[in-house]
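J.: Model the structure of this input:
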Amino acid sequence: CELRSGAMANAICECFAGQMTEEAINSLVDYMVRQADSDGDGSLSVEEFSKFTWKLRRMEFDADLEGEFVFAVFDSRGKGTLDSNDLSQLLAFHGFRGADGLALSMADVETIMSEIDADGSGEIERAEYMQWCKSREHG
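T.: Take a look at the predicted model:
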């Protein structure tokens, strides 16, 4: 499958209908290229695809892989941090909803942001995100 053709991005768009912005989808395709295309030819063989999807299925058991994936896809500025807009996209992707059952408001996102942003920088670093994930698992 040709990774940088529109077909891959279109398939991902259909899969995540409305859950991811075009920017996030492009970041996902870039992540796939970096992680899955081991021979660097710009397309995925069946073997490369199998290895990559196996790795993604293991994500729930591999916190480092999850963090790498989240920041590769949702860090829209490429700074290694998530801002409130990035967090909003991530939470929507994970299906977070407000108390009314509708999409989270920016006030909801800011509340969650303040929970995660331990150093108060206004951005979420990977370590802060990973700590938040751990606290959600055990809390």
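
J.: where in this protein is pLDDT low?
T.: By pLDDT under 70, the low-scoring segments of the chain are 1-20, 138-139.

J.: Apply 80 and report the result again.
T.: For the chain, the stretches with pLDDT under 80 are 1-30, 32-33, 42-44, 55-63, 93-94, 136-139.

J.: What residues sit buried inside the top helix by length along it?
T.: Among the elements of the chain assigned as helix by DSSP state H, the one spanning the most residues is helix 22-36. Using 16 or more other Cβ atoms under 10 Å as the test for burial, helix 22-36 gives Ala24, Ile25, Ser27, Leu28, Val29, Tyr31, Met32, Val33, Gln35, Ala36. For the C-beta atoms, the positions are set from N, CA and C on the backbone; glycine is no exception.

J.: Would you confirm that Lys134 belongs to a strand?
T.: No - under DSSP: H, G, I helix; E, B strand; the rest coil, Lys134 sits outside any strand and is assigned helix.

J.: Could you find the closest non-adjacent residue to it?
T.: Among residues not flanking Lys134 along the chain, Ala63 sits closest, at 7.6 Å (Cβ to Cβ, 6 or more residues apart in numbering).

J.: For the nearest residue to Asp119 once chain neighbours are set aside, what is the enclosing helix or strand?
T.: The shortest distance from Asp119 to any non-neighbouring residue, by Cβ to Cβ, 6+ apart, is to Glu128 (7.3 Å). In this structure, Glu128 sits in helix 126-138 according to DSSP states H and E.

J.: Buried residues, stretch 53-60. List them.
T.: Quick answer for stretch 53-60 (16+ other Cβ under 10 Å): Leu56.

J.: ok now do the one residue sitting closest to the centre of the chain, which residues does it touch?
T.: Against the mean C-alpha coordinate of the chain, by Cα atoms, centre = their mean, the closest residue is Val70 at 3.2 Å. Going by Cβ atoms under 8 Å, 6 or more residues apart in numbering, Val70 touches Leu82, Leu90, Tyr129.

J.: I'm done for today, thanks for sticking with me.
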